[in-house]
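Asks: I'd like to go over a predicted model; first the sequence, then the structure.
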Amino acid sequence: MNKPAAGKKVVKKKKTSADSQRPQMRIVTSDVCAACKTPCHRGMDYLKRMSTPGAIGCGVPCVLSLPPAARPVAAFVKN
């Protein structure tokens, strides 16, 4: 007769990186950056590159599409 070991601890399963959700930024184009009320360095650099004739771009990640707790404060342009 096998008895369960007395005092055996229950081990919790660790979360894998696939289980946790990270905030994702939306990819926006230069027209969205031009109309933005809160310009950021990355968006202004992208807008400058796309304003040259013949420029081809795929967009830039928008910092404003992150939740407020995950937004980097240093990313915004100070007026």
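Replies: Everything's here; your move.
Asks: alpha carbons only for contacts and neighbour counts from here, please
Replies: Fine.
Asks: could you pull out the strands in this structure for me?
Replies: Remark: strands assigned in the chain by DSSP state E are 27-28, 60-61.
Asks: make a markdown table out of those strands and add distance to residue 42.
Replies: Listed next are the strands of the chain as a markdown table, based on distance: least, Cα to Cα, whole Å:
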| stretch | distance to residue 42 |
| --- | --- |
| strand 27-28 | 11 |
| strand 60-61 | 8 |
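Asks: quick one: residues contacting the closest residue to residue 34 other than its chain neighbours.
Replies: Leaving aside its chain neighbours, residue 34 sits nearest to residue 47 (6.9 Å; criterion: Cα to Cα, 6 or more residues apart in numbering). Contact analysis of residue 47 by Cα atoms under 8 Å, 6 or more residues apart in numbering lists 30, 31, 33, 34.
Asks: okay, residue 47 and residue 53: tell me how far apart.
Replies: Per Cα to Cα, to the nearest Å, residue 47 is found 12 Å from residue 53.
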